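J.: Fold the stuff below for me.
(one chain, ligands or ions: 2)
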Amino acid sequence: MEITVSDDISADFLSLVQCILDNAEFKKLNRYRQHYQTTRLMHSLNVSYLSWYIAQKFGWDASVAARAGLLHDFCVYDFRDKLPKGQIQAFYHPRVAAKTSEEYFALHEKERQAILSHMFPLGPLPKSREAWVISCIDKFCAFAEFCRLNVALSRKNRVQFSYA
Ligand SMILES: [Fe+2]
Ligand SMILES: [Fe+2]
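T.: Ligands and ions are numbered 1, 2, ... in the order given. Predicted structure coming up:
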(Lines give C-alpha, C1' and ligand atoms only; values in the text may rest on other atoms or scores of the structure.)
(Ligands and ions follow the chains in the order given, each with its own letter.)
Protein backbone atom coordinates (compact mmCIF):
# COMPACT_ATOMS: atom_id res chain seq x y z
CA MET A 1 0.00 0.00 0.00
CA GLU A 2 1.25 3.46 -0.90
CA ILE A 3 0.30 6.56 1.06
CA THR A 4 0.27 9.82 -0.89
CA VAL A 5 -0.69 13.24 0.40
CA SER A 6 -1.85 16.32 -1.45
CA ASP A 7 0.56 19.12 -2.34
CA ASP A 8 -0.82 21.50 0.27
CA ILE A 9 0.57 19.35 3.09
CA SER A 10 3.79 20.84 4.42
CA ALA A 11 7.00 19.19 3.22
CA ASP A 12 8.45 19.93 6.68
CA PHE A 13 5.76 17.76 8.25
CA LEU A 14 6.26 14.96 5.73
CA SER A 15 10.03 14.91 6.17
CA LEU A 16 9.51 14.21 9.89
CA VAL A 17 7.11 11.31 9.42
CA GLN A 18 7.99 9.81 6.02
CA CYS A 19 10.11 6.97 7.43
CA ILE A 20 7.18 5.92 9.65
CA LEU A 21 4.69 6.13 6.77
CA ASP A 22 6.99 3.93 4.66
CA ASN A 23 7.11 1.19 7.31
CA ALA A 24 5.12 -1.93 6.38
CA GLU A 25 4.20 -2.78 9.97
CA PHE A 26 2.93 0.75 10.62
CA LYS A 27 0.79 0.65 7.48
CA LYS A 28 -1.13 -2.26 9.01
CA LEU A 29 -2.97 0.36 11.10
CA ASN A 30 -5.09 0.88 8.00
CA ARG A 31 -6.75 -2.49 8.76
CA TYR A 32 -8.33 -1.37 12.00
CA ARG A 33 -11.44 0.74 12.47
CA GLN A 34 -11.25 3.49 15.06
CA HIS A 35 -14.15 5.67 16.19
CA TYR A 36 -16.71 4.25 13.70
CA GLN A 37 -15.78 5.26 10.16
CA THR A 38 -12.12 6.15 10.58
CA THR A 39 -9.15 3.82 10.36
CA ARG A 40 -6.48 3.86 13.02
CA LEU A 41 -4.02 5.01 10.36
CA MET A 42 -6.14 8.02 9.37
CA HIS A 43 -6.78 8.88 13.03
CA SER A 44 -3.03 8.70 13.75
CA LEU A 45 -2.21 10.89 10.75
CA ASN A 46 -4.64 13.52 11.95
CA VAL A 47 -3.33 13.50 15.52
CA SER A 48 0.19 13.79 14.14
CA TYR A 49 -0.57 16.61 11.71
CA LEU A 50 -2.59 18.76 14.12
CA SER A 51 -0.08 18.24 16.95
CA TRP A 52 2.77 19.15 14.61
CA TYR A 53 0.87 22.22 13.40
CA ILE A 54 0.34 23.56 16.92
CA ALA A 55 3.89 22.73 18.06
CA GLN A 56 5.55 24.50 15.14
CA LYS A 57 3.28 27.54 15.53
CA PHE A 58 4.40 27.93 19.15
CA GLY A 59 8.05 27.09 18.49
CA TRP A 60 7.89 23.81 20.42
CA ASP A 61 9.43 20.50 19.37
CA ALA A 62 7.51 19.83 16.15
CA SER A 63 9.38 16.59 15.50
CA VAL A 64 8.26 15.05 18.81
CA ALA A 65 4.70 16.23 18.20
CA ALA A 66 4.59 14.80 14.65
CA ARG A 67 6.32 11.49 15.41
CA ALA A 68 4.76 10.67 18.78
CA GLY A 69 1.39 11.86 17.42
CA LEU A 70 1.70 9.40 14.56
CA LEU A 71 2.87 6.54 16.79
CA HIS A 72 0.55 7.10 19.77
CA ASP A 73 -1.81 4.24 18.79
CA PHE A 74 0.75 1.98 17.05
CA CYS A 75 -0.97 -1.22 18.14
CA VAL A 76 -1.33 -3.95 15.56
CA TYR A 77 -4.43 -5.56 17.02
CA ASP A 78 -8.14 -4.85 17.08
CA PHE A 79 -9.15 -2.88 20.18
CA ARG A 80 -12.12 -5.24 20.51
CA ASP A 81 -9.78 -8.25 20.92
CA LYS A 82 -9.55 -9.97 24.26
CA LEU A 83 -6.77 -8.51 26.40
CA PRO A 84 -4.42 -10.27 28.82
CA LYS A 85 -6.19 -10.96 32.13
CA GLY A 86 -6.65 -7.90 34.31
CA GLN A 87 -5.76 -5.37 31.60
CA ILE A 88 -7.97 -2.45 30.61
CA GLN A 89 -7.67 -1.17 27.05
CA ALA A 90 -7.41 2.53 27.96
CA PHE A 91 -4.35 1.84 30.12
CA TYR A 92 -2.97 -1.09 28.13
CA HIS A 93 -2.77 0.18 24.54
CA PRO A 94 -0.45 3.18 25.17
CA ARG A 95 2.11 0.75 26.62
CA VAL A 96 1.75 -1.53 23.58
CA ALA A 97 2.10 1.49 21.25
CA ALA A 98 5.30 2.63 23.02
CA LYS A 99 6.78 -0.88 22.92
CA THR A 100 5.91 -1.42 19.26
CA SER A 101 7.27 2.02 18.34
CA GLU A 102 10.54 1.22 20.09
CA GLU A 103 10.80 -2.03 18.17
CA TYR A 104 10.51 -0.37 14.77
CA PHE A 105 11.89 3.15 15.22
CA ALA A 106 14.63 4.93 17.13
CA LEU A 107 12.36 6.50 19.73
CA HIS A 108 13.45 9.44 21.87
CA GLU A 109 12.47 9.34 25.55
CA LYS A 110 10.29 12.44 25.10
CA GLU A 111 8.39 10.67 22.31
CA ARG A 112 7.99 7.53 24.42
CA GLN A 113 6.62 9.54 27.33
CA ALA A 114 4.17 11.36 25.05
CA ILE A 115 2.85 8.04 23.70
CA LEU A 116 2.50 6.62 27.23
CA SER A 117 0.55 9.64 28.52
CA HIS A 118 -1.79 10.25 25.57
CA MET A 119 -4.81 8.77 27.38
CA PHE A 120 -4.48 11.14 30.36
CA PRO A 121 -6.33 11.26 32.78
CA LEU A 122 -6.51 7.50 32.14
CA GLY A 123 -2.81 6.92 32.64
CA PRO A 124 0.23 9.04 33.47
CA LEU A 125 0.34 12.84 33.48
CA PRO A 126 1.88 14.30 30.27
CA LYS A 127 5.39 15.55 31.05
CA SER A 128 6.00 17.95 28.16
CA ARG A 129 4.11 20.57 26.18
CA GLU A 130 4.18 18.28 23.15
CA ALA A 131 2.71 15.40 25.20
CA TRP A 132 -0.10 17.69 26.40
CA VAL A 133 -0.84 18.72 22.81
CA ILE A 134 -0.97 15.10 21.62
CA SER A 135 -3.27 14.10 24.49
CA CYS A 136 -5.66 16.99 23.79
CA ILE A 137 -5.59 16.58 20.01
CA ASP A 138 -6.22 12.85 20.35
CA LYS A 139 -9.44 13.63 22.23
CA PHE A 140 -10.41 16.31 19.74
CA CYS A 141 -9.87 13.91 16.79
CA ALA A 142 -11.80 11.13 18.56
CA PHE A 143 -14.70 13.53 19.10
CA ALA A 144 -14.63 14.66 15.44
CA GLU A 145 -14.49 11.06 14.26
CA PHE A 146 -17.42 10.04 16.47
CA CYS A 147 -19.37 12.96 14.98
CA ARG A 148 -18.22 11.98 11.48
CA LEU A 149 -16.60 15.36 10.93
CA ASN A 150 -13.67 15.38 8.53
CA VAL A 151 -10.86 17.47 9.97
CA ALA A 152 -7.26 18.16 8.95
CA LEU A 153 -5.88 15.43 6.69
CA SER A 154 -9.18 13.58 6.35
CA ARG A 155 -10.63 16.58 4.49
CA LYS A 156 -10.82 16.82 0.70
CA ASN A 157 -9.00 13.55 -0.02
CA ARG A 158 -5.76 15.01 1.25
CA VAL A 159 -4.48 11.50 1.92
CA GLN A 160 -4.83 8.69 -0.61
CA PHE A 161 -4.15 5.03 -0.08
CA SER A 162 -3.32 3.05 -3.19
CA TYR A 163 -2.76 -0.66 -3.56
CA ALA A 164 -0.31 -1.80 -6.25
FE1 LIG B 1 -5.05 5.75 22.05
FE1 LIG C 1 -5.72 7.94 19.45
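J.: show me where the protein has strands.
T.: Along the chain, counting by DSSP state E, strands occupy 2-5, 33-34, 38-39, 159-162.
J.: Can you tell me the number of residues neighbouring F120?
T.: Using other Cβ atoms under 10 Å, the number of residues around F120 comes to 18. Just so you know, the C-beta spots here come from the backbone N, C-alpha and C atoms, and that holds for glycine as well.
J.: what's near enough to touch the nearest residue to H108 once chain neighbours are set aside?
T.: Sequence neighbours aside, V64 is the residue nearest to H108 in space, at 6.8 Å (criterion: Cβ to Cβ, 6 or more residues apart in numbering). V64 makes contact with 55, 108, 110-111, 114, 128, 130, according to Cβ atoms under 8 Å, 6 or more residues apart in numbering.
J.: same question, Y77
T.: 32, 96.
J.: before we move on, the earlier item: please identify the deepest-packed of the strands of the chain.
T.: strand 38-39 (a mean of 20; mean count of other Cβ atoms under 10 Å).
J.: Contacts for that strand, please.
T.: 29-33, 145, 154.
J.: what does stretch 155-164 give?
T.: Contacting residues not belonging to stretch 155-164 are listed as 1-6, 8-9, 30, 41-42, 45, 150, 152-153 [Cβ under 8 Å, 6+ apart].
J.: Of those, keep whichever come out buried.
T.: 3, 5, 9, 41-42, 45, 150, 152-153 (16 or more other Cβ atoms under 10 Å).
J.: just the residues you listed that are near ligand 2?
T.: The subset of the buried ones among the contacts of stretch 155-164 lying close to ligand 2, counting by Cβ under 5 Å from the ion, is empty.
J.: biggest separation within those, which pair?
T.: Pairwise distances across these peak at 17.2 Å for I3 and N150 (criterion: Cβ to Cβ).
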